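Colleague: coordinates only, no sequence provided:
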């Protein structure tokens, strides 16, 4: 007999393809602050965030590229509902990425794009009085997660990059082109302070300035990284299967999920079970 949690996860997996086909629904709740969202401010940066559940802190980062990494993305876009899956035993924290199609705002830091996002994520943890935490994220969260580990190795207890973005030598411009066509065009319309040239410089810095591997760290860094990491691979133009596998194999405390893990709704609960077991095993007492 299928238990209630597994039944919900199966339904979530079945709905994922439908949501991908209707991206407009993703941002249906952008207006107002009626759903409990709060804001963390640091200088001219303002980050909208929410929390659900209690227990050891778990930072959730949505996929969907630079546009879709939002609170709504966490709720609706990813292969499974991370809030539903983990808020019963973790304090889940999630936010709108700066410059995404959400409510977080701030300057476009062309010279240090990856670190600007990491500043926001670590700053939010500081704002909440959280020292150590775990992190689980999808797609664009892959490079964010590795940068969090690099910047704060003593704070990130364990990490789960799911379907992570990675560099593909055979498709060197895959991420630059996809984000130019989506985020680049839209952010200029949303923010009058950002020009097309600035957005292009930003994307070049992210994805075409010394591109390699997982974008934010080197293979030598991963070889020395002691943080436990569970990688859930994917294989798309922007989600390099080879980079995902290599990162898990190089990390001394790396693990791999099964692959494929999200091609059918029936497999998704197995992946969730693996993630839950991994997080529990490294959760501090």
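Modeller: Now that the structure is in, tell me what you want to look at. Source: prediction; values computed, not measured. Numbers count the residues shown, from 1 in each chain.

Colleague: what sits up against the helix or strand harbouring residue 178?
Modeller: Per DSSP states H and E: residue 178 is located in helix 174-179. For helix 174-179, contacts defined as CB atoms under 8 Å, 6 or more residues apart in numbering pick out 65, 66, 165, 167, 168, 203, 204, 206, 207, 208, 237, 238. Every C-beta, even on glycine, is put in place using the N, C-alpha and C of the backbone.

Colleague: and these, which are buried?
Modeller: Buried members of the contacts of helix 174-179, scored by 16 or more other CB atoms under 10 Å, are 65, 66, 165, 167, 168, 203, 206, 207, 238.

Colleague: what sits against the last one?
Modeller: Just to be clear, that refers to residue 238. Neighbour list for residue 238: 65, 139, 165, 174, 175, 178 [criterion: CB under 8 Å, 6+ apart].

Colleague: low-confidence ranges in the stretch 51-200 of the chain?
Modeller: Along the stretch 51-200 of the chain, the model assigns pLDDT under 70 to no residue.

Colleague: what segments of it are helices?
Modeller: Here the stretch 51-200 of the chain has its helices, by DSSP state H, counting those that start in this stretch, at 65-68, 71-76, 82-86, 113-127, 141-151, 174-179, 185-190, 196-207.

Colleague: can I get those in CSV including distance to residue 103?
Modeller: Converted to CSV, the helices of the stretch 51-200 of the chain look like this (distance: least, CB to CB, whole Å):
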stretch, distance to residue 103
helix 65-68, 13
helix 71-76, 8
helix 82-86, 18
helix 113-127, 13
helix 141-151, 19
helix 174-179, 20
helix 185-190, 11
helix 196-207, 19
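
Colleague: so which of these is nearest residue 245?
Modeller: Across these, residue 245 has its closest neighbour in helix 141-151 (12.7 Å, CB to CB).

Colleague: count the neighbours of residue 177 for me.
Modeller: Close neighbours of residue 177, defined as other CB atoms under 10 Å, add up to 16.

Colleague: ignore the last one, residue 192
Modeller: Neighbour count of residue 192, defined by other CB under 10 Å: 7.

Colleague: please tell me how far it sits from residue 92.
Modeller: Noted for residue 192: a distance of 34 Å to residue 92, by CB to CB, to the nearest Å.

Colleague: now swap in residue 76 and tell me
Modeller: Residue 76 is 15 Å from residue 92, where distance means CB to CB.

Colleague: then residue 233?
Modeller: For residue 233, the distance to residue 92 - CB to CB - is 23 Å.

Colleague: residue 237 too?
Modeller: Computed with CB to CB, the distance linking residue 237 and residue 92 is 30 Å.

Colleague: okay, buried residues for stretch 125-145 please.
Modeller: Neighbour counts over stretch 125-145 (16+ other CB under 10 Å) mark 125, 128, 130, 133-145 as buried.

Colleague: specify which member of the residues you listed is nearest to residue 51.
Modeller: Set against residue 51, the nearest of the buried residues of stretch 125-145 by CB to CB is residue 128 (7.8 Å).

Colleague: who touches that closest one in this structure?
Modeller: If you count contacts by CB under 8 Å, 6+ apart, residue 128 has them with 40, 51, 57, 93.

Colleague: mind picking the two most distant members of these?
Modeller: Longest distance between any two of the contacts of residue 128 is 14.4 Å, between 40 and 57; criterion CB to CB.

Colleague: who has more neighbours, the two?
Modeller: Ranked by neighbour count (other CB under 10 Å), residue 40 and residue 57 place residue 57 first, with 21 against 18.

Colleague: who's that one bridged to?
Modeller: residue 91 (DSSP bridges).

Colleague: quick check: it touching residue 136?
Modeller: No. Here residue 57 does not reach residue 136: they are 11.3 Å apart, not a contact under CB atoms under 8 Å.
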